[in-house]
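**Student:** sequence and predicted structure, then a few things I'm wondering about:
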Amino acid sequence: MPEFKLAKRVTSIQPSPSTAAAARARDLKAAGRDIVDMTVGEPDFDTPDIVKDAGIAAIHDGKTKYTAVNGTLELRKAIAGRMQRHTGIDYPLEQITVGGGGKQIIFVALMASIDDNDEVIIPAPYWVSYPDMVVANEGKPVIIACPEADGFKLKPEALEAAITPKTRWLILNTPSNPTGAVYTAGEMKALGKVLERHPRVLVLTDEIYDEIWFGEGRLVSLVEAAPHLKDRIFVVNGVSKSYAMTGWRLGYGVGPLPLVNAINKLQSQISSCPSSIS
Ligand SMILES: Cc1ncc(COP(=O)(O)O)c(C=O)c1O
């Protein structure tokens, strides 16, 4: 068979390491081995019964057709309500988009906004998918080591030093996978001060674990800590971890209208809409 030519965007990335490790753990379990699987972020409780029942009712009620590309109005209203409760900020419904998981939303947000080696700052340790998602979209990951002595968190000086004219995004994941590190409002404000000096830089805050956190006090989102930067903050969240709905594939993004519109345009050609049942 002649060589099968694949696109550079595929040959330049690796398959998701956590997904590959999870498949191996599943195989070993199936072979009867006693395996403690700490690979993918799978909650240790089952999808709650009220969610299961609502899913079954949705199927019986015929909610089995395509929805709007950015999710149903009802769902976007619910997301706007949650954003209001958690951050005090009212987001118009057109600044909210829904897709097949937070992962897809992040991938498509990068697809919509980077190319030509645009740089994306990723504090390490990081969720293993970020760098490859950047590379697959023709960007350049810029990894900043955040040592344990700093609580595995990005320092304002390190952020300032990493920003170049090519920087497009900073990805902040709080609470962090894998370290569990959480940025305080003060730490976010300090990062916000640096970002004020660099108006071209967008921030993707991945808050997917914000309900799986058992620390003291309240989690604060960057949009609340630095509301004046709201027009360049894209908040990503979803139902996978909070409600143990990983297999339902539903995630969302909230942020700048031009970005959300671009994501919707791409999604209309990718998956058409999120799962109507979910
Ligand atoms: C940090 C982080 N962000 C996003 C996701 C994506 O979750 P989902 O696509 O299931 O919404 C994960 C999943 O493991 C994660 O660990």
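**Tutor:** Great, that's in hand. Residues are numbered from 1 along each chain as shown.
**Student:** okay, strands next: where are they in the stretch 51-200 of the chain?
**Tutor:** According to DSSP state E, counting those that start in this stretch, the stretch 51-200 of the chain carries its strands in the segments 96-99, 119-124, 140-145, 167-173.
**Student:** wait, which of the ones you listed is closest to Lys29?
**Tutor:** For the strands of the stretch 51-200 of the chain, the distance to Lys29 is smallest for strand 167-173, at 28.3 Å, taking Cβ to Cβ. C-beta here means a position set from N, CA and C on the backbone, and glycine is covered the same way.
**Student:** now render the strands of the stretch 51-200 of the chain as JSON lines, adding mean pLDDT and mean neighbour count.
**Tutor:** Rendered in JSON lines, the data for those read as follows (pLDDT from 0 to 100; neighbours: other Cβ atoms under 10 Å):
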{"stretch": "strand 96-99", "mean pLDDT": "98", "mean neighbour count": "27"}
{"stretch": "strand 119-124", "mean pLDDT": "98", "mean neighbour count": "23"}
{"stretch": "strand 140-145", "mean pLDDT": "98", "mean neighbour count": "16"}
{"stretch": "strand 167-173", "mean pLDDT": "98", "mean neighbour count": "23"}
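**Student:** reformat the ones you listed as CSV; add distance to the ligand.
**Tutor:** Conversion of the strands of the stretch 51-200 of the chain to CSV gives the following (distance: least, Cβ to the nearest ligand atom, whole Å):
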stretch, distance to the ligand
strand 96-99, 9
strand 119-124, 11
strand 140-145, 15
strand 167-173, 5
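**Student:** among those strands, which comes closest to Val69?
**Tutor:** Closest to Val69 of the strands of the stretch 51-200 of the chain is strand 96-99 (Cβ to Cβ; 8.2 Å).
**Student:** any idea how far the residue lying closest to Ser272 once chain neighbours are set aside lies from the ligand?
**Tutor:** Leaving aside its sequence neighbours, Ser272 sits nearest to Tyr66 (Cβ to Cβ, 6 or more residues apart in numbering; 5.7 Å). Summarising the geometry, the distance separating Tyr66 from the ligand, computed by Cβ to the nearest ligand atom, to the nearest Å, is 21 Å.
**Student:** wait, Tyr66 touches Ser276, no?
**Tutor:** Yes: contact between Tyr66 and Ser276 holds when scored by Cβ atoms under 8 Å: they sit 7.0 Å apart.
**Student:** which of these two has more neighbours?
**Tutor:** Taking neighbours as other Cβ atoms under 10 Å, Tyr66 and Ser276 compare with Ser276 leading, 16 against 9.
**Student:** near Ala22, how many other residues are there?
**Tutor:** Residues contacting Ala22 under the criterion other Cβ under 10 Å number 16.
**Student:** please apply the same query to the one 5 residues further on.
**Tutor:** The number of residues packed around Asp27, counting by other Cβ under 10 Å, is 11.
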